[in-house]
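Enquirer: any chance you can model this:
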Amino acid sequence: MRIKKSSNPVRITDLTFRDAQQSILATRMQTEDMADLAPALDAVGFHSAEVWGGATFDVATRFLNEDPWDRPRILKKLMPHTPLQMLVRGQSLVGYRHYADDIVNAFIHHAAEVGIDVFRVFDALNDERNLKACLQAIKECGKHASLCICYSLTERKMGGAVFNLDYYVNKARILQEMGADSICIKDMAGLLAPDDAYTLVKALKRVLDIPLQLHSHYTSGMAAMSFLKAIEAGVDIIDTALAPFALRSSHPAVEPIVVALEGTPRDTHLDLTKLLALGDALAAKAPKYKQFLNHTKLSIIDSTVLEHQIPGGMISNLVDQLRQTDILHKLDEIYREVPRVRRELGYPPLVTPTSQMVGVQAVQNVLLGRYKLVSTQIMDYCYGLYGRPPAPIDPEIQARVLRRYKKGQTPVDVRPADLLEPELSAASEAVKSFTSDIGDILTAALYPITGLQFLKRKYGVETPPAPAGEQVVPK
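Expert: Numbering: from 1, shown residues only. Okay, here's the model as predicted:
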C-alpha cells in the first residue's frame, strides 16, 4: 500500500560532521574523510548539515594541520543541494572570548562566502545582546539566522525561580522580535525530559511564527524520548547523527527516528536504505580515529548527569585534568562544588565558555580554598564582560572576586562588545608580511598564538616540528 506523503514532515538537521564527531572523536575527523561521504550525505535530503563551527576551527589549526576555511569550501562543492550550517558562539564566534564587532562582521561575511548557509548562534548566558552583531551580519549576507536558547535547569525538571517556562517563552519572543529566521532550543547536556519537551514546544509554538528546532545530546539517555514528545507537540526540526557517531555524549541516531515516524503524519520521508549505506561508509572510517574513542565506561549513557547536570564534555575535561595532576580522588568533592559555584555566579548555563570557567573555579575552590585563586576569566565575568547572567551574581562573591580587579570594582551592565576597540587592523598588521587573505587575517585574530603559528607554517615562515624520531634536514 502506498503511503500518502505527509504535509508536515519532521525536518532533520544532520550533525555527523560537526557536533557528533566533536562529541565522539574529540573533533579529530579530517576533511578528506568527510569529502568521501559528502555526495551521499547530500543525496539524503536533510534540512541542513552542520559541518563547521564550535571546536572545528581551533582543532583544524592545532591538531589537523588544515586551513579551517577550506572545509566549508570543499563540502559546498560536494553538497550543492543541502544547506551547510555552522555553530557560532555569539560574540565569541569560534573562540573563547568576545571579539570586537569588526571581527564579528568580517567573520560572518567570509563564512557566508565560503559556503555557510545557516548560522546557528548562541550565547552562553542567553544574553540576547551578544547575538546582535552576528544577527546583523547574517542578515546583510542574506543567510539564515537560527538563534538559540541554551536549555538549562536549577531543579531536576523545568521550573523553579530561574529556568521556568516563562523564562523560555520570553526569550523566544525576544529572539523572534530581533529578526531570527528560526529558533533552536539547545539542550547541550541532555537534560530536557520528555514531558518538559512537550510542554516547552507546545508553549513556544503558540507564540512563534517562525520554525522551532530542537537540539539535544544523548548524554542522559532521554533525548530520543524527548524528541518524540517534541514532535508530538509540533516541533518543526530536530537534530540527529548517523548511527556510528550517535548516542553516548552525541545525539539521537537518525535511523530509528525515521522508522518510528514512518507512516505517521510527521513522516520524514528520508530513505532508510541510503542512511544505512552511509552509516556503513562512516563506520569504515572509524578505525582511523579509535584512539579518540572513550572506552572507560561500559554504559553508553551517563545517568549521573541526571543528578549533577554537568555536560559530558565538561566532565571529560575535569577528569583528564585531575588525572594528570594525580588528584582524581577529589572528583566527588568537585561535583558538589560545581553547582554551588554556578549558583553564586548567577546560574550560567554550562556551555562553552562558562562550563570551563565554572569547572576550573570549582577545582580551585576545592584544592586551595573558596575563591582564594580566581582566574582572569572569572574576574571578567563578574565585572560584566561576558554579559548578563540569568540570575544576579552573589554580591559577596562578586565583591571578593573583584577586590583586586584592575578594571575596577563596580560591575558594568552594557553590551560587552561596546567596550571593545576594533581589532581587524591589528590582526592584518600581524600577518601582512606573508598574507593579505581575509581568512588568514581572521584566523590570526581569533587565535593569535596557535592560529598565527599555523599561518607561519602554512606560508613557510616557520618549519613544522619533525615527527617523533625524525630530524628536519636543512635544504
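
Enquirer: can you tell me the closest non-neighbouring residue to residue 59?
Expert: Once flanking residues are discounted, residue 59 sits nearest to residue 27: 4.3 Å by Cβ to Cβ, 6 or more residues apart in numbering. Just so you know, the C-beta spots here come from the backbone N, C-alpha and C atoms, and that holds for glycine as well.

Enquirer: which stretches of the stretch 151-300 of the chain form strands?
Expert: 182-187, 212-216, 237-240 (DSSP state E, counting those that start in this stretch).

Enquirer: just the residues contacting the second one, thanks.
Expert: If I follow you right, that is strand 212-216. The contact list for strand 212-216 (Cβ atoms under 8 Å, 6 or more residues apart in numbering) reads 13, 146, 148, 151, 182-188, 190, 192, 197, 201, 204-205, 222-223, 226-227, 230, 234-239, 251-252.

Enquirer: could you point out which element follows the worst-scoring helix or strand of the chain on mean pLDDT?
Expert: The helix or strand of the chain with the poorest confidence is helix 312-324; it has a mean of 69 (mean pLDDT, DSSP states H and E). Note on helix 312-324: by DSSP states H and E, the next helix or strand toward the C-terminus is helix 331-344.

Enquirer: before we move on, back to that, which of the contacts of strand 212-216 fall within helices?
Expert: Judged by DSSP state H, helices contain the following of the contacts of strand 212-216: 197, 201, 204-205, 223, 226-227, 230.

Enquirer: buried ones among the contacts of strand 212-216?
Expert: The neighbour count (16 or more other Cβ atoms under 10 Å) marks 13, 146, 148, 151, 182-188, 190, 192, 197, 201, 204-205, 222-223, 226-227, 230, 235-239, 251-252 as buried among the contacts of strand 212-216.

Enquirer: got a pLDDT number for residue 306?
Expert: At residue 306, the model reports a pLDDT of 82.

Enquirer: hang on, the earlier thing: was I right about the residue nearest to residue 59 contacting residue 53?
Expert: No - counting by Cβ atoms under 8 Å, residue 27 stays clear of residue 53, with 10.8 Å between them.

Enquirer: between those two, which has more neighbouring residues?
Expert: Comparing residue 27 with residue 53 by other Cβ atoms under 10 Å, the one with more neighbours is residue 53, at 24 against 21.

Enquirer: for that one, give its distance to residue 94.
Expert: From residue 53 across to residue 94, the span is 6 Å (Cβ to Cβ, to the nearest Å).

Enquirer: again with residue 341
Expert: Per Cβ to Cβ, residue 341 is found 26 Å from residue 94.

Enquirer: next one: residue 324
Expert: Separation of residue 324 from residue 94 (Cβ to Cβ): 26 Å.

Enquirer: who's more crowded, the two?
Expert: A direct count of neighbours by other Cβ under 10 Å for residue 324 and residue 94 places residue 94 higher, at 25 against 9.

Enquirer: that one contacts residue 54, doesn't it?
Expert: Yes - with contact defined as Cβ under 8 Å, residue 94 counts as touching residue 54 (6.9 Å).

Enquirer: can you list contacts of stretch 339-349?
Expert: With Cβ under 8 Å, 6+ apart as the test, stretch 339-349 has contacts from 124-126, 150-152, 154, 162-163, 188, 308-309, 350, 354, 357-358, 361-362, 365, 378, 381-382, 389-394, 397.

Enquirer: inside strands: which ones of those residues?
Expert: residue 150 (DSSP state E).

Enquirer: shaky segments in this structure?
Expert: Scanning the chain for pLDDT under 70 picks out the ranges 1-5, 294-298, 312-313, 315-317, 320, 464-475.

Enquirer: nearest residue to the spatially most central residue of it other than its sequence neighbours?
Expert: Residue closest to the average C-alpha location in the chain (Cα atoms, centre = their mean): residue 54, at 4.8 Å. Leaving aside its chain neighbours, residue 54 sits nearest to residue 87 (4.5 Å; criterion: Cβ to Cβ, 6+ apart).

Enquirer: how about residue 151?
Expert: Nearest non-adjacent residue to residue 151, counting by Cβ to Cβ, 6+ apart: residue 187, 4.2 Å away.

Enquirer: tell me how many other residues crowd residue 261.
Expert: Residues near residue 261, counting by other Cβ under 10 Å, number 21.

Enquirer: what separation do you get for residue 271 and residue 46?
Expert: Distance of residue 271 to residue 46, given as Cβ to Cβ: 11 Å.

Enquirer: residue 362 too?
Expert: Applying Cβ to Cβ to residue 362 and residue 46 gives a distance of 38 Å.

Enquirer: equivalent analysis for residue 371, please.
Expert: Using Cβ to Cβ, we find residue 371 at a distance of 47 Å from residue 46.
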